[in-house]
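Colleague: got a predicted model here, sequence first, then my questions.
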Amino acid sequence: MIMRTILTATASLATLSTAATAQDAPAKRTRIAAGPQIGPSYPGADGVSFSPLFDLSRAKAGEDFAFEAADESIGSPLVRLGGASFGPAFGFQGSRTARDVGAPVRKVGFTVEAGGFVQYQFTPAIRGRAELRKGIGGHRGWVSDVSMDYVVRDHDRSVFSIGPRVTISDDRYNRAYFGVSPTDAAATGLSRFKASGGIQAVGATAGLIRQITPVWGFYSYASYDRLVSDAARSPLVRAYGSRDQFSGGVALTYTFAAKR
């Protein structure tokens with residue numbers, strides 16, 4: 001009986017301790033955004049296609065959500081050193097078919113892009129970021145996005161950002177999307193074109209997140225890129241595509257808090 005009493009008391013104290021620990025644990029805030037977005041059907045396309053827009057952000061209770069540009073790749077910082085941070089970056093590029101282009105050109109398959117990023121917070125309002133990703137399958141090339149964002153925010157109630165963008169891609173990437181091979185030239189009547197690597201596009205992106213209530217809000221962004229160098233000179237782009245590349249999206253956001 002005494003042993004049972006001791007065990008019961010111990011179990012009760014453990015339960016109370018666990019409950020107290022759960023109550024003392026800081027809450028994590030989570031914000032989910034979901035909606036539609038549009039973007040070029042493929043690099044250099046004249047038209048756009050729809051896709052889902054989804055974003056997930058987490059922060060400790062009492063802290064603001066970390067700023068993320070709408071057009072940056074998937075990935076979170078793994079290492080932080082002062083104002084600098086480093087981490088993985090993952091992106092996806094849909095396939096490009098002859099039907100998409102409207103001409104009998106070779107297919108570029110679906111591509112998973114894997115790599116990393118480095119970013120630096122120059123001031124509370126200015127952040128720079130650079131990504132480098134390698135295509136796995138599909139175009140098989142290297143592509144880099146360099147960006148700078150000026151951020152104006154009222155904590156999480158309103159976050160507005162705007163800044164320039166530069167996209168750099170290697171020979172393999174550019175030949176996949178902007179080159180005209182001898183086979184393509186024979187099938188389309190276009191001039192042969194061996195695209196070289198370099199700066200592919202320059203542009204800008206703006207984003208806005210706004211809380212309507214403590215729980216509900218909206219998320220939106222718009223991007224414009226202008227193809228330059230060999231991407232702009234490509235006979236394929238001139239005949240069937242466009243140097244002007246537009247993308248954007250809107251979404252509802254839902255914010256909630258829960259114990260860790």
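Modeller: All right, it came through fine.
Colleague: all the helices of the protein, residue numbers only.
Modeller: In the chain, the helices defined using DSSP state H lie at 2-24, 98-101, 171-178, 182-188, 229-233, 235-240.
Colleague: what residues sit buried inside the fourth one?
Modeller: Residues Asp184, Ala185, Thr188 are the ones in helix 182-188 that count as buried (16 or more other CB atoms under 10 Å). Glycine gets a C-beta too; all of them are placed from N, C-alpha and C.
Colleague: contacts only, for the second one.
Modeller: Translated: Ala185. Neighbour list for Ala185: Ser191, Arg192 [criterion: CB atoms under 8 Å, 6 or more residues apart in numbering].
Colleague: if you set the cut-off to 10 Å instead, what comes out?
Modeller: Going by CB atoms under 10 Å, 6 or more residues apart in numbering, Ala185 touches Val105, Ser191, Arg192, Phe193, Pro235, Leu236.
Colleague: just the buried residues out of the residues you listed, in PyMOL syntax.
Modeller: A single PyMOL command is used to select the members of those judged buried by 16+ other CB under 10 Å:
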select buried, resi 105+193+235+236
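Colleague: what's the most distant pair in the contacts of Ala185?
Modeller: Val105 and Ser191 (13.4 Å; CB to CB).
Colleague: list the residues that contact both of these two?
Modeller: With CB under 10 Å, 6+ apart, Val105 and Ser191 have common neighbours Val180, Ala185, Leu236.
Colleague: which secondary element of this protein has the worst mean pLDDT?
Modeller: helix 2-24 (a mean of 40; mean pLDDT, DSSP states H and E).
Colleague: measure stretch 206-223 end to end?
Modeller: One end of stretch 206-223 to the other measures 6 Å (CA to CA, to the nearest Å).
Colleague: if we can go back for a sec, just give me the closest of the shared contacts of Val105 and Ser191 to Asp64.
Modeller: Nearest to Asp64 among the shared contacts of Val105 and Ser191, counting by CB to CB, is Leu236 at 44.6 Å.
Colleague: pretty sure that closest one is touching Phe178, no?
Modeller: Yes: the criterion here is CB atoms under 10 Å, and Leu236 meets it with Phe178 at 6.2 Å.
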